[in-house]
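Undergrad: Below are the sequence and a predicted model for it; my questions follow.
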Amino acid sequence: MGSVEAMRAVVYSETGPSSVLRVVERGVPEPGEGEVRVRLVRSGVNPTDWKFRAGMSSEYDEVIPGQDGSGVIDALGPGVHGFALGDRVWLVLAQHGRAFGTAADHTVQPVERVFHLPGEASYDLGASLGVPAVTAHRALTSSEGGPSRLGPGALEGRTVLVAGGAGAVGNAAIQLARWSGATVVTTVSSEEKAALARAAGADHTVNYRESDAAREILTVAPDGVDIAVEVAPAQNNALDVEVVRNRGTIAIYANNGGEQFTVDIRPTFSKNLRYQFLLLYTLGQDLVDAAAEDISAAVAAGALRVGDDAGMPLHHFPLEKTAAAHDAVADGVVGKVLLDIG
Ligand SMILES: NC(=O)c1ccc[n+]([C@@H]2O[C@H](COP(=O)([O-])OP(=O)(O)OC[C@H]3O[C@@H](n4cnc5c(N)ncnc54)[C@H](OP(=O)(O)O)[C@@H]3O)[C@@H](O)[C@H]2O)c1
């Protein structure tokens, strides 16, 4: 279905180290029924991109990586409503269930993966939203009694604990929670990361390497926190159980620091705690849509930002350096890695 026009694309045909990535020329794809074509300006790189490339799985002969991105609609397939040529958009899950992600000049996507980029919001921000912000939204909307949606006042009176507040998901969780009226306490491993978390809006930062994290968190929230947004449960579950309030929620989105953790049953059931695990790929379109709508509203309100001022320093790589960009994310660079495309 490629047209005669050519585009640059980054591809891999076998999983492995970042050296499997190649820059190639491919035909510009044409959108099918219910699809739009996006001329990409930025691609956002997430841990999931290098993990799949490194060998988590590949069912395709050739993959263009990249779940997140931003750009301009430059072709509409049949049956597309609600989008027009020239619309500025952000993408999420672009490469999920298909071989064509955002590390290319163009991508064709079903409209379910495409959302309008509000107002003057930058393409840098648009490409930083998808995986981190949708994940953070789910974590913040999975507790008993709601809310199921975020927005001003939605988390009023609640206290949220964000583990690793200088991470991409942690940063989005801090900003979305603050926009929704929550008090935010976050754990970090260094003073540099504490400064970033404060820039994101965290009310309190706790350096878990240098202090008694449970004591510090309970000083801020004597009755316990309502929600823990957790990246490293193997390391932090005991802490979470200690500091989450009765009938609170521990929302787990990653396995950083270990594949298993042990649940101490009595203190956990004594507090009526709820665990909410989450994976974007199996979350479901209804929850992705709800998250995307709220995320776009937060962007429009200026409440969800990237850059140094928002605690999310940007690291730009040209498309041709996608391998270096993957390596930077795999090496735990602090901030958001973006591919500059157009
Ligand atoms: N379930 C999903 O659908 C989903 C969606 C998005 C991301 N993820 C996963 O979530 C994780 C974080 O993604 P991200 O984009 O936010 O990454 P990131 O920007 O690299 O941030 C990760 C943060 O995790 C914190 N952390 C805490 N304990 C850690 C440990 N034991 N080892 C490593 N880091 C630790 C670090 O902060 P400190 O140094 O301050 O502790 C770091 O800032 C990745 O594993 C990613 O694959 C899952």
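TA: That came through, no problem.
Undergrad: and the residue nearest the centre of the chain, what is it in contact with?
TA: Centroid-nearest residue in the chain, with C-alpha atoms, centre = their mean: residue 132, separated by 1.0 Å. By C-beta atoms under 8 Å, 6 or more residues apart in numbering, the contact list for residue 132 reads 46, 168-169, 171-172. Backbone N, C-alpha and C define where each C-beta goes, glycine included.
Undergrad: mind listing the helices for the chain?
TA: 47-51, 123-140, 168-179, 191-200, 213-220, 233-243, 265-270, 285-300, 322-330 (DSSP state H).
Undergrad: need the ones you listed in a markdown table with mean pLDDT and distance to the ligand, can you?
TA: Below are those laid out as a markdown table (pLDDT from 0 to 100; distance: least, C-beta to the nearest ligand atom, whole Å):
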| stretch | mean pLDDT | distance to the ligand |
| --- | --- | --- |
| helix 47-51 | 97 | 3 |
| helix 123-140 | 98 | 4 |
| helix 168-179 | 99 | 4 |
| helix 191-200 | 98 | 5 |
| helix 213-220 | 98 | 11 |
| helix 233-243 | 98 | 5 |
| helix 265-270 | 98 | 21 |
| helix 285-300 | 98 | 11 |
| helix 322-330 | 98 | 7 |
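Undergrad: wait, which of those helices is closest to residue 106?
TA: Within the helices of the chain, the stretch nearest residue 106 is helix 123-140; the backing value is 14.7 Å (C-beta to C-beta).
Undergrad: That closest one vs helix 168-179, what angle?
TA: Here the directions of helix 123-140 and helix 168-179 differ by 80 degrees (axes from the mean of the first three to the mean of the last three C-alpha atoms, to 10 degrees).
Undergrad: Please export the C-alpha coordinates of helix 123-140 as PDB.
TA: Only the C-alpha atoms of helix 123-140 are listed here, as PDB (Å, rounded to 0.1, in the frame of the first residue of the first chain):
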ATOM      1  CA  TYR A 123       5.100  19.000  19.700                       C
ATOM      2  CA  ASP A 124       7.700  18.200  22.500                       C
ATOM      3  CA  LEU A 125       4.800  18.000  25.000                       C
ATOM      4  CA  GLY A 126       2.600  16.100  22.600                       C
ATOM      5  CA  ALA A 127       5.200  13.400  22.100                       C
ATOM      6  CA  SER A 128       5.700  13.200  25.900                       C
ATOM      7  CA  LEU A 129       2.100  12.500  26.900                       C
ATOM      8  CA  GLY A 130       1.100   9.100  25.600                       C
ATOM      9  CA  VAL A 131       2.600   6.200  27.600                       C
ATOM     10  CA  PRO A 132       3.600   8.200  30.800                       C
ATOM     11  CA  ALA A 133       0.400  10.300  31.200                       C
ATOM     12  CA  VAL A 134      -2.100   7.600  30.300                       C
ATOM     13  CA  THR A 135      -0.400   5.300  32.800                       C
ATOM     14  CA  ALA A 136      -0.400   8.000  35.500                       C
ATOM     15  CA  HIS A 137      -4.100   8.700  34.800                       C
ATOM     16  CA  ARG A 138      -5.000   5.000  35.300                       C
ATOM     17  CA  ALA A 139      -3.100   4.800  38.500                       C
ATOM     18  CA  LEU A 140      -4.800   7.900  39.900                       C
END
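Undergrad: How far away from the center of its chain is that helix?
TA: 4 Å (C-alpha atoms, centre = their mean, to the nearest Å).
Undergrad: before we move on, the earlier item: columns distance to residue 63 on top of the helices of the chain, output as TSV?
TA: Shown next, in TSV, are the helices of the chain (distance: least, C-beta to C-beta, whole Å):
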stretch	distance to residue 63
helix 47-51	10
helix 123-140	17
helix 168-179	22
helix 191-200	32
helix 213-220	40
helix 233-243	29
helix 265-270	40
helix 285-300	21
helix 322-330	12
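Undergrad: who wins for proximity to residue 87 among those?
TA: helix 123-140 (11.7 Å).
Undergrad: Which residues belonging to that closest one are considered buried?
TA: Across helix 123-140, burial judged by 16 or more other C-beta atoms under 10 Å covers 123-140.
Undergrad: same question, stretch 165-183
TA: Neighbour-count burial for stretch 165-183 [16+ other C-beta under 10 Å]: 165-180, 182-183.
Undergrad: Next, the angle helix 322-330 makes with the lowest-mean-pLDDT helix or strand in the chain.
TA: Using mean pLDDT, DSSP states H and E, the weakest-scoring helix or strand in the chain turns out to be strand 2-11, at a mean of 83. Orientation of strand 2-11 against helix 322-330 (the same axes, to 10 degrees) gives an angle of 40 degrees.
Undergrad: Run through who's touching strand 2-11.
TA: Against strand 2-11 from outside (C-beta under 8 Å, 6+ apart): 21-30, 62-66, 103-106, 319-320, 322.
Undergrad: Go again with 7 Å.
TA: 21-30, 62-65, 103-106, 319, 322 (C-beta atoms under 7 Å, 6 or more residues apart in numbering).
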